[in-house]
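In: need a 3D model of the sequence below.
(one chain, ligands or ions: 2)
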Amino acid sequence: MERAKIYKKTLLIDASDDQAIKDAAEHLRNGEVIGFPTETVYGLGCDARDGEAVKKVFEAKGRPADNPLICHIGEKDQIKDIVSEVTPLAQKLIDSFMPGPITIVMKKADSISDQTTAGLDTVGVRMPSHPVANKFLKACGIPVAAPSANLSGRPSPTSSRSVLEDMDGYIYAIIDGGDSEYGLESTVVDCTGEEPVILRPGAVTKADIDSVLGKDETVMSGSLADKETPKAPGMKYRHYAPYAQVEIMKMPEGTEITGDNAIGTDGKIDKSANEPVDLKKLTDDEAKALVNIAAPFILRSREILAKNPFARIGLYCGSEIKAMYDKMNDKLLNAHTEFCVYGKTVDVASASHGLFEGLRFLDVQEVDVILAQGFDGEGLSVAYMNRLGKASGKKEELTPGMPAPARPARMPLPIDAFKDTFTASVLFIDDNNTSLSACCESLMRRLIEKNEPYISNSRSDAGFEIYCESAGLTAMSGLEPDSFMEKAVKELTGFGLGSIESRRADPAIYDDNDLILTVRDEQAFAIIKAFPQIKDKVFSLSTFAAANGLVMKDSSGRVMSISVPDPSGENYETYLHTAKALGAWLEILFPYILKDLGASRI
Ligand code: TXA
Ligand code: MG
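Out: Ligands and ions are numbered 1, 2, ... in the order given. Predicted coordinates for the structure are as follows:
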């Protein structure tokens, strides 16, 4: 399906701006697509009665048109206009769970476009409990067809920034209502038959529905008890897929989990659980249990790194596991691990709340593998494991006939996104400062720009700015860059060495920088010899690589180090070749440099 930008910029609307919400509703009634928050995930809304508007949603999502959309309402009164019949079973679920994270499939009325239901004679009806969704849907006053607001094949968005990432320029506006509470899409229940069939598990669980009906009657789609109900057409597609391969780490049997009864918690998660954990406060039993939960992560990571010392591993795990890694202080393991901590390790409500954003975050770190915590409870755990299972599907199982979505551009953060901004700087050193060190500075600057924005690893409410500079151990100050190097860097990046004027390294410059990387090993040794007190932040490119476990071996098993031959006096091709080699190495080292400085991409 053709996906074409139709707006220069998608409008971002503040949820407290009542007039803007009314305007957005007006635009929706006129055929536009609007992104809006709900307690489950963000949706892409349009007029469910207008086939042309629905087509726009499918186009913006890049979604196959055989997958029906859910109709969203702001008032229960609207149900009678959407469906041809409300069975007693459906009525019970409406009374008990609406508004809330449930979608009830009923026989559709003629008013709903066939485009919305993908030709089915049934329609999914959902009334969100999110106050902003409610305000918006009431302002619309019509049934609003809305799928999750992600690009088809990507994790569902639970923040306005993620919607913007996937949809900027493709839809008219997004209403920013903060983070979605549950974080997983609604439970879809087919109520057209005798007994309810859960087509997609969510925060309203089988136990919740059974308890309302007073008997154990609810059928899970795909289970043995499921006779021949049609599956939710969407469930055949691989959803929620990050670019990295996802592996699920099992929780040891018998571990007591919390948050499994999500409806009981009303989607509220314990945000305090993200504070640093003091392992000393654990009882012996708790400590033992924790080791058992962490063991699969550690063992699997070591196995992956043994096979590929360049592998980068993302962990979607609880705060205690992160604390254990910190305490173990295994430098190599830590250098290759990117953490996304969801809250208390055993809390499935927090893990669900953070899952989709977590997968997106780890993807941005460009990890190769994501190891994610599994849960074996019978409530919300079922929905969580369902989504994680889909995310861990094989790459070949991407939506049939659809190419894997391209990585969308990352969005700048709002200026006031953070309370504080930290800064750090990296310095490149060579003997002179007209060629290789200047080349490193320029290439690094491009990498820093390309990977912006950044967040502090030690404080999630702090942004991070990264700078870089260069100097020469024996450089004359004020020289122009070498003209061949200038040309080579320009050919590589489109930017030359521009304003870089040579200067001599001195203690004040060392002081200003948090990481010092020299082109050759002897240069790092010389600096450390002269200033032993800064030895922890001085490396050559090759010792920095080795310190991070980035070793390449030749066919006879000998370790190959990064050696950068000096191109001076050689022809232009040699310069270009050298600049390319440096660029390739800096690209490999970049995530480790970030980690060393204490920052992550966001
Ligand atoms: O929480 C949610 O349900 C979110 C928010 C935005 O409300 N919406 C959502 O929509 O997840 P979507 O389109 O991404 O997923 C809807 C699922 C699909 O798997 C679809 O196949 C199924 O519901 N579905 C929709 N209408 C159906 C119908 N008439 N019969 C069976 N399954 C249906
Ligand atoms: Mg979806």
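
In: for V83, what are its contacts?
Out: 106-109, 123, 125 (CB atoms under 8 Å, 6 or more residues apart in numbering). Glycine gets a C-beta too; all of them are placed from N, C-alpha and C.

In: and it, bridged to which residues?
Out: Applying DSSP bridges to V83 gives these bridge partners: K108.

In: got it, and I516?
Out: Bridge pairing for I516 - DSSP bridges - gives L427, V538.

In: okay, and for the stretch 151-300 of the chain, where does confidence drop off?
Out: Within the stretch 151-300 of the chain, the segments meeting pLDDT under 70 span 223-240, 265-267, 270-276.

In: quick one: the helices in it, in order.
Out: Ranges of helices in the stretch 151-300 of the chain, per DSSP state H, counting those that start in this stretch, are 160-167, 206-213, 262-265, 284-307.

In: okay, the ones you listed, which one's buried deepest?
Out: helix 160-167 (a mean of 25; mean count of other CB atoms under 10 Å).

In: dump that helix to PDB, restricted to CA.
Out: Only the C-alpha atoms of helix 160-167 are listed here, as PDB (Å, rounded to 0.1, in the frame of the first residue of the first chain):
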ATOM      1  CA  SER A 160       2.300  10.800  21.800                       C
ATOM      2  CA  ARG A 161       6.000  11.000  20.800                       C
ATOM      3  CA  SER A 162       5.900   7.400  19.500                       C
ATOM      4  CA  VAL A 163       2.700   8.200  17.500                       C
ATOM      5  CA  LEU A 164       4.500  11.200  16.100                       C
ATOM      6  CA  GLU A 165       7.500   9.100  15.200                       C
ATOM      7  CA  ASP A 166       5.400   6.700  13.100                       C
ATOM      8  CA  MET A 167       2.800   9.200  11.800                       C
END
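
In: that helix packs against which elements?
Out: Using 3 or more CB pairs under 8 Å, 6 or more residues apart in numbering; DSSP states H and E, the elements in contact with helix 160-167 are strand 34-36, strand 173-176, helix 348-364.

In: pull up the residues of the chain that are close to ligand 1.
Out: 38, 40-41, 43, 67-70, 103, 105, 117, 120, 122-124, 126, 146-148, 185-186, 188, 199-200, 232-235 (CB under 6 Å from any ligand atom).

In: just those residues: which are in strands?
Out: Judged by DSSP state E, the subset of the residues of the chain next to ligand 1 located in strands is 43, 70, 103, 105, 122-124, 126, 146, 188, 199-200.

In: how about stretch 31-48, which residues are buried there?
Out: Within stretch 31-48, the residues scored as buried using 16 or more other CB atoms under 10 Å are 32-48.

In: same thing with stretch 249-267?
Out: Neighbour count says stretch 249-267 has 249, 251, 255, 257-263, 265, 267 buried, by 16+ other CB under 10 Å.

In: please enumerate the helices of the stretch 351-500 of the chain.
Out: 380-391, 436-451, 483-493.

In: and those helices as CSV, adding mean neighbour count and mean pLDDT?
Out: Converted to CSV, those look like this (neighbours: other CB atoms under 10 Å; pLDDT from 0 to 100):
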stretch, mean neighbour count, mean pLDDT
helix 380-391, 22, 94
helix 436-451, 22, 96
helix 483-493, 20, 94
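
In: and those as TSV, adding distance to K56?
Out: Listed next are these as TSV, based on distance: least, CB to CB, whole Å:
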stretch	distance to K56
helix 380-391	26
helix 436-451	32
helix 483-493	38
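
In: closest to F361 among the buried residues of stretch 249-267?
Out: For those, the minimum distance to F361 (CB to CB) is 17.7 Å, reached by M249.

In: which residues touch the nearest residue to that closest one once chain neighbours are set aside?
Out: The shortest distance from M249 to any non-neighbouring residue, by CB to CB, 6 or more residues apart in numbering, is to P296 (4.2 Å). Residues near P296 by CB under 8 Å, 6+ apart: 249-250, 371.

In: check R161 too.
Out: 411, 413.

In: for ligand 1, see how far away it is.
Out: Distance of R161 to ligand 1, given as CB to the nearest ligand atom, to the nearest Å: 17 Å.

In: same question for I516.
Out: Taking CB to the nearest ligand atom, one finds I516 at 49 Å from ligand 1.

In: include neighbour count when you put the contacts of V83 into TSV, please.
Out: Formatted as TSV, those follow (neighbours: other CB atoms under 10 Å):
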residue	neighbour count
M106	24
K107	16
K108	24
A109	15
V123	26
V125	27
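
In: from the chain's centre, how far out does the helix or strand where Y316 lies sit?
Out: Y316 belongs to strand 313-317 when assigned by DSSP states H and E. A distance of 12 Å separates the centroid of the chain from that of strand 313-317, by CA atoms, centre = their mean, to the nearest Å.

In: quick revisit: can you list the helices of the stretch 151-300 of the chain in a markdown table and add distance to L594?
Out: Putting the helices of the stretch 151-300 of the chain into a markdown table (distance: least, CB to CB, whole Å) gives the following:
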| stretch | distance to L594 |
| --- | --- |
| helix 160-167 | 20 |
| helix 206-213 | 43 |
| helix 262-265 | 35 |
| helix 284-307 | 19 |
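
In: and D77, which of these is closest to it?
Out: helix 206-213 (21.6 Å).

In: my guess is A60 contacts L44. True?
Out: Yes. With contacts counted by CB atoms under 8 Å, A60 reaches L44, the gap being 6.3 Å.

In: now for these two: what residues contact both?
Out: 33, 167, 171.

In: can you tell me the SS state at I509?
Out: Following DSSP: H, G, I helix; E, B strand; the rest coil, the label given to I509 is helix.

In: so what's it up against?
Out: I509 makes contacts with 427, 469, 471, 503, as judged by CB under 8 Å, 6+ apart.

In: how near is the residue nearest to L151 when sequence neighbours are not counted to L12?
Out: Distances taken as CB to CB, 6+ apart put D166 closest to L151, at 4.2 Å, once the chain neighbours are dropped. Applying CB to CB, to the nearest Å, the value for D166 to L12 is 14 Å.

In: now do E185
Out: Taken as CB to CB, the span from E185 to L12 is 23 Å.

In: what do you get for L550?
Out: From L550 to L12 the distance is 40 Å (CB to CB).

In: do the same with P143
Out: 25 Å.
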